[in-house]
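J.: need coordinates for the below:
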Amino acid sequence: MSFRQEIQVTEAYQNFLASLDPHHATKTLSENELVKLFHQILQKGMHGLCFSMYEDGQKPGDDITEAQVLRRMKIIQPYIKWVRSFSCIEGNEFVPMVAKQLGIKTLVGAWIGDDREKNKREIDALIELGQKGLVDIAAVGNEVLYRNDLPLEELLAHIDEVKAALPGHIPVGYVDAYYEFSVHPVLAEKCDLILANCYPFWESCPIDYALNHMQQMYGQALAAGRGKRVIITETGWPSQGKNLHAAQPSDENFLKYFIDTQLWCQKAGVESFYFSSFDESWKVGAEGDVGAFWGIFDKNEKLKY
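T.: Okay, the predicted model is just below:
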């Protein structure tokens, strides 16, 4: 292998390489020290959180009130600059509305699945929210290709539709696992920015190597973007549940992953949305017992640590 002139090493990629460090901040810390550092990071402030809509007993499809969104948004407001939503209907439209009232920037997603009638409602609602000035970044779908819900061509058409309808200053992208943008270069080309989900846990990575694996995921998305802005739209670690091979949920591992990723993102200048704000019990069925335990706050809206 030799140097190729046509391969661009962007400033963002140079910064990424310079940020890599094999010595993790949490490697030798006690649990008390981890909790203390966890609180210091929260007080300093994070880039963003994925917004958890549902109280215990609620699930997607239930209509959520503006009052509930406001109450939960006020809980996370002191710690964030951005919030990410996943849908634009059934009460999810209140997320960007409330966020803007509280001075929080918004990454607003339309949920795209295999129900084409519902997809149209989602896209129309995303466009309406964007035209009202409530959207800072628009995401047309989340892991649609990962779930194999729609053909790539149909997804690209939806992205084109939203880009044509929204004001030009609003970047439009699509959220999926980091590798989908390498597998589908046309998708990376279509998007204004790369919105990548990066989960070492779901790839059975031991906690001691999780930060390095997440960095590799981000680096792959960065390379696929060819100079475009890259945002980590989801990353996290569960605090309870069954092991996924070498990936072990625990309070200690949750704290280590949160701290390592937050400190690295700050150092590297990487925009990231941590998953998630609150534990949500409905996820037990979809993701196994670990699904309910990804929040910084528990299901009763109390900080876990």
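
J.: with adjacent residues omitted, what lies nearest to C205?
T.: Nearest residue to C205, sequence neighbours excluded (Cβ to Cβ, 6 or more residues apart in numbering): H213, at 4.7 Å. (Glycine included, C-beta is placed from N, CA and C.)

J.: which of the helices or strands spans the one you found?
T.: In the assignment (DSSP states H and E), H213 maps to helix 207-225.

J.: check G57 too.
T.: Using DSSP H and E, no helix or strand contains G57.

J.: now do it against F293, distance only.
T.: From G57 over to F293 the distance is 17 Å, taken as Cβ to Cβ, to the nearest Å.

J.: could you do R229 as well?
T.: For R229, the distance to F293 (Cβ to Cβ) stands at 31 Å.

J.: neighbour count: those two, which is higher?
T.: A direct count of neighbours by other Cβ atoms under 10 Å for R229 and F293 places F293 higher, at 25 against 16.

J.: now for that one: which residues touch it?
T.: Counting by Cβ atoms under 8 Å, 6 or more residues apart in numbering, F293 makes contact with P238, S239, Q240, G241, P249, D279.

J.: which two of those have the greatest separation?
T.: Pairwise distances across these (Cβ to Cβ) peak at 12.2 Å, for the pair P249 and D279.

J.: where's the residue nearest to C205 relative to I89, distance?
T.: Distance, H213 to I89, by Cβ to Cβ: 35 Å.

J.: ok, back up a step: if you count what's nearby, which of P249 and D279 comes out ahead?
T.: Taking neighbours as other Cβ under 10 Å, P249 and D279 compare with D279 leading, 25 against 20.

J.: I'd say that one and D289 touch.
T.: No - counting by Cβ atoms under 8 Å, D279 sits too far from D289 to count as a contact (11.8 Å).

J.: how many residues are close by the residue lying closest to F297 once chain neighbours are set aside?
T.: Leaving aside its sequence neighbours, F297 sits nearest to F278 (Cβ to Cβ, 6+ apart; 4.7 Å). Using other Cβ under 10 Å, F278 is surrounded by 24 other residues.

J.: mind listing what F278 touches?
T.: Residues in contact with F278, defined by Cβ under 8 Å, 6+ apart, are S52, R72, G295, I296, F297, D298, K299, E301.

J.: if we use 7 Å, what do you get?
T.: Shown in contact with F278 (Cβ atoms under 7 Å, 6 or more residues apart in numbering): S52, R72, G295, F297, K299, E301.

J.: those residues in strands, which ones?
T.: Among the contacts of F278, DSSP state E puts none in strands.

J.: using a markdown table, please lay out those residues together with distance to E271 and pLDDT.
T.: What follows is the contacts of F278, written out as a markdown table (distance: Cβ to Cβ, whole Å; pLDDT from 0 to 100):
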| residue | distance to E271 | pLDDT |
| --- | --- | --- |
| S52 | 20 | 96 |
| R72 | 22 | 98 |
| G295 | 20 | 98 |
| F297 | 22 | 98 |
| K299 | 28 | 96 |
| E301 | 26 | 97 |
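
J.: who are the packing partners of the helix or strand harbouring A157?
T.: A157 is part of helix 152-165 when elements are defined by DSSP H and E. Identification of packing neighbours for helix 152-165 by 3 or more Cβ pairs under 7 Å, 6 or more residues apart in numbering; DSSP states H and E yields helix 116-131, strand 137-142, helix 144-147, strand 172-177, helix 185-190.

J.: for this structure, which helix or strand comes out least confident on mean pLDDT?
T.: Between all helices and strands in the chain, the lowest mean by mean pLDDT, DSSP states H and E belongs to helix 11-19, at a mean of 66.

J.: so what's L49 up against?
T.: L49 makes contact with I76, I80, V83, F273, Y274, S277, according to Cβ under 7 Å, 6+ apart.

J.: filter those down to just the ones in helices.
T.: Cross-referencing the contacts of L49 against helices under DSSP state H gives I76.

J.: which of the contacts of L49 lies closest to H24?
T.: Set against H24, the nearest of the contacts of L49 by Cβ to Cβ is Y274 (17.2 Å).

J.: now the closest one: how far from G285?
T.: Y274 is 23 Å from G285, where distance means Cβ to Cβ.

J.: do T233 as well
T.: Taking Cβ to Cβ, one finds T233 at 23 Å from G285.

J.: those two - which one has more neighbours?
T.: A count of neighbours by other Cβ under 10 Å puts T233 above the other of T233 and G285, at 27 against 11.

J.: surely the more buried one is within a strand?
T.: Yes - counting by DSSP: H, G, I helix; E, B strand; the rest coil, T233 falls inside a strand.

J.: quick check: it vs S277, distance?
T.: Noted for T233: a distance of 14 Å to S277, by Cβ to Cβ.

J.: below-threshold pLDDT in the stretch 151-300 of the chain: ranges please.
T.: The model of the stretch 151-300 of the chain has pLDDT under 70 over residues 286.
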